[in-house]
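> 3D model of this:
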Amino acid sequence: MSDAVQLSPLIHLVDDDEAVRNSLALLIGTVGLRVRTWTGPDDFLAGFDGDNVGAILLDVRMPGTSGLAVLETLAARGVDQPVIMMTGHGTVDLCRRAFKSGAAEFLEKPVDDDLLLDTLQKAVRQHVRSRERLRADRIARQRYAQLSEREREVLGLIIGGLTNKEIARALGLSPRTVETHRANLFSKLEADSLAQLIRSYAQLVEEGDAA
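Numbering: from 1, shown residues only. Take a look at the predicted model:
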């Protein structure tokens, strides 16, 4: 998966009804979202590329593999794009099963245009935020892995709220040495403030303590 978040979100539209595909693709395009249409679940599962940010708009009832089966396959693959299910024959049980299998939303056909666009735009924003968090976490872990054992100890005590003098006493170091470690930490971790340091690395410090 690329580190770069795609600037142009892509909606995957899976529906066996050509008229529905064409009309929904035109509608979705009016709000600036790219659309790739798929004629059925098997083609979609074979050709789907999960690198792009975006969402999946999936019909429940299609010949062959059902929409619910597709949803379960996507979940098993670890696909992170939000999936919006559509059906013209909705039941409470079907809705429940869809959400249990990881659907982000469940819409009944004929889908209201404004509701569909609002749902897709919210799903895309959610996915962009999720990808950005994952990328930030990956970068933080890479930077944290470059720290020496002593720097990790100092970082843990900084996040724990200790002053430089308190850290020096706890580790048997001089305050000047602690100041040097502190400066190196902010440089290596590319943190501009203590708040950013805590926000980005507190969880990693806890994981290290628990290991």
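> Can you name every helix or strand that the longest helix belonging to the chain contacts?
For the chain, the helix reaching the highest residue count under DSSP state H is reported as helix 113-145. Applying 3 or more C-beta pairs under 8 Å, 6 or more residues apart in numbering; DSSP states H and E, we find helix 113-145 packed against helix 18-29, strand 54-59, strand 83-87, strand 105-108, helix 194-210. C-beta: built from backbone N, CA, C; applies to glycine.
> Could you identify which of those is most buried?
Neighbour counts (mean count of other C-beta atoms under 10 Å) averaged over each of those peak at strand 54-59, with a mean of 26.
> Relative to the whole chain's centre, how far out is the next helix or strand after it?
Sequence-wise, the next helix or strand downstream of strand 54-59 (DSSP states H and E) is helix 67-77. On the basis of C-alpha atoms, centre = their mean, to the nearest Å, helix 67-77 sits 17 Å off its chain's mean C-alpha point.
> contacting residues around the residue nearest the centre of the chain?
Closest to where the C-alpha atoms of the chain average out (C-alpha atoms, centre = their mean) is S130, at 2.8 Å. Contacts for S130 (C-beta atoms under 8 Å, 6 or more residues apart in numbering) come out as D80.
> Could you check the pLDDT of it?
The per-residue pLDDT reported for S130 equals 93.
> still on that earlier bit, and the angle for the longest helix of the chain with strand 83-87?
Angle of helix 113-145 versus strand 83-87, following axes from the mean of the first three to the mean of the last three C-alpha atoms, to 10 degrees, is 160 degrees.
> what comes up buried for helix 113-145?
By neighbour count with 16 or more other C-beta atoms under 10 Å, helix 113-145 contains the buried residues 116-117, 119-121, 123-124, 127-128, 131, 140, 143-144.
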